[in-house]
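A.B. asks: Any chance you can model this:
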Amino acid sequence: MELKLTKPICFFDLETTGINIANDRIVEISILKVFPNGNKESHTWRVNPTIPIPAETTAVHGITDEMVANEPTFKELSKKVYDLIKDSDLGGFNSNRFDIPLLAEELLRAEVDFDLKKNLSVDVQTIFHKMEKRTLEAAYKFYCGKTLVDAHSAAADTNATYEVLKAQLEMYDDLENDVPKLSEFSAHKRFADFAGYIHLTKDGKEIFGFGKHKGTLVVDVLEKEPGYFGWLLNADFPLYTKKVLTRIKLSSLNTKM
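C.D. replies: Presented below is the predicted three-dimensional model:
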């Protein structure tokens, strides 16, 4: 079964220096762009993260400092990556919780003003966990009847993710072949910032998802405690979270003018 698309969708996978969205960096990125007419475009880049790759992370994906020492930095690749994904929806495996927020951080760090509001996201892991609760290797075996060779290499994981989603559509009659519906089904909760610090209420209003103001409207807190906004911008939060908070702050100021 092929995906029913009204716009391209980019399946992508990242190998990184670690799992801290605000501080870790990409060491490999693979993007598979699927067009509505069925055509595909695939790119994989090794990336110099400009920071050391911990030994325990290398043990997972096999990429060492020496292997990326002469590769381009993400900033050098950022325009190519952005040009590939800017007109597309996004798909991945655990992408809503990790790959998308970390990619957004890298793009903002490279001074690419990437806004995720126009990009739907389909998290194949969430669909899988809601249906079967397994890992990517098990998903590939279960849905596609194949053994995933070179697991934890970005290209292998990206292509396996794309194949798994198509097989999921074949298997589940109640799973609609429609990216907006798949995006809704694969979402854990509604977030304004993907990293999960700013939640959305049922009527689309931003509330804090952490700390002493958890569950409180962001706009109310920023109005009553101006100093809290400054603290948030200087604290160790992801850049995209700070971008969302700044947008809310500016929007609030504009409504009062």
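A.B. asks: Which parts of the stretch 1-150 of the chain are strands?
C.D. replies: For the stretch 1-150 of the chain, applying DSSP state E, counting those that start in this stretch gives strands covering 9-16, 26-34, 40-46, 89-92, 121-123.
A.B. asks: With mean pLDDT and mean neighbour count added, can I get these in JSON lines?
C.D. replies: C-beta: built from backbone N, CA, C; applies to glycine. Putting the strands of the stretch 1-150 of the chain into JSON lines (pLDDT from 0 to 100; neighbours: other Cβ atoms under 10 Å) gives the following:
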{"stretch": "strand 9-16", "mean pLDDT": "96", "mean neighbour count": "25"}
{"stretch": "strand 26-34", "mean pLDDT": "97", "mean neighbour count": "23"}
{"stretch": "strand 40-46", "mean pLDDT": "97", "mean neighbour count": "15"}
{"stretch": "strand 89-92", "mean pLDDT": "96", "mean neighbour count": "25"}
{"stretch": "strand 121-123", "mean pLDDT": "94", "mean neighbour count": "25"}
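A.B. asks: how about the ones you listed in TSV, adding distance to G145?
C.D. replies: TSV is the format used below for those (distance: least, Cβ to Cβ, whole Å):
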stretch	distance to G145
strand 9-16	20
strand 26-34	20
strand 40-46	21
strand 89-92	21
strand 121-123	22
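A.B. asks: what's the closest of the ones you listed to E71?
C.D. replies: strand 40-46 (4.4 Å; Cβ to Cβ).
A.B. asks: Which other helices and strands does that closest one contact?
C.D. replies: Judged by 3 or more Cβ pairs under 8 Å, 6 or more residues apart in numbering; DSSP states H and E, strand 40-46 is in contact with strand 26-34, helix 74-85, helix 154-171.
A.B. asks: ranking the ones you listed by burial, who's on top?
C.D. replies: Counting by mean count of other Cβ atoms under 10 Å, strand 26-34 has the highest mean neighbour count of these, with a mean of 23.
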